[in-house]
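> Fold the stuff below for me.
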Amino acid sequence: MNNTMKNIVFIASLFSFLFLFILFNYILTIFFNNYQPPIYISYSFAAISFIIILFVQAYVRKLYVKRSLKASTILFEVECQTIRILDKILIYVLPGVIVLLPLLYKPIFDILTQFKIGMFLGLILIIELILSATKKTMKASITVQGIAITGIDLRLEIPISANYTNGSGFYPWERIHSFLIVNNEIFIEQSFDLGTIKLKASTDQLKQLKGLLIKNGVDESRGY
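Model prediction:
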């Protein structure tokens, strides 16, 4: 995905966080009036907001790819694997730092700390269950104009020049510079960022995809 879309996705998630923060605080004000709401509720709302932000980013990426596909002719589709252990770690870094970093300065395991650790572990469990379901929606659409990676991609989007394997987005042929076929897999390097497109396909599909790549001036690599 190009840097402009990365920024749009990131800004959309940022505004979503601010909206949810204001909304949840407004709800707490109504229910607790002038009293201080329980800190447990605030942390629970923060966890819910984080999950919603992941879906907001996925939704914006999905809209972008859907719009790109409207002007494209789809030739065939293949499933694509997306979620790696590293990708999951990046999702959990932010809530992990918020929960665990204070323990480095003040290692006190009171009831609140135990609650935050338990909530963090519960957040991981919920996200793991969601990822196990949503990763099955990911697929690569091979079109006349390029390759589109579609689906509900809940990986955290950060506006830097690096990306995940099979990151959601539309990759036109002119932004792809090389490919390598190994057995029934194809590895495609593109110039949007450092992310790689990695697909498994049948022999016929690989031949058709190779023909499209060569036709559009993409070089075939001879090794890693």
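
> so where does G217 fall, helix or strand?
Assigned by DSSP states H and E, G217 belongs to no helix or strand.

> Can you report how many residues neighbour the nearest residue to it once chain neighbours are set aside?
In this structure, G217 finds its nearest non-sequential neighbour in W173, 7.5 Å apart by CB to CB, 6 or more residues apart in numbering. C-beta coordinates here come from the backbone N, C-alpha and C atoms, glycine included. Here the number of neighbours of W173 (other CB atoms under 10 Å) works out to 17.

> can you pull the contacts of W173?
If a contact means CB atoms under 8 Å, 6 or more residues apart in numbering, then W173 has 145-146, 212-213, 216-218 as its contacts.

> Next, work out how far apart it and F192 are.
For W173, the distance to F192 equals 13 Å [CB to CB, to the nearest Å].

> cool, Q114 as well?
Separation of Q114 from F192 (CB to CB): 44 Å.

> Also I48?
Distance of I48 to F192, given as CB to CB: 32 Å.

> ok, the two, which is more surrounded?
F192 (19 against 14).

> The more buried one in helix, strand or coil?
Following DSSP: H, G, I helix; E, B strand; the rest coil, we place F192 in the coil state.

> shaky segments in this structure?
Confidence mapping of the chain against pLDDT under 70 gives the ranges 1-5, 28-38, 159-163, 222-224.

> So which residues of it form helices?
Using DSSP state H, the helices of the chain run over 3-32, 39-70, 85-105, 111-134, 203-215.
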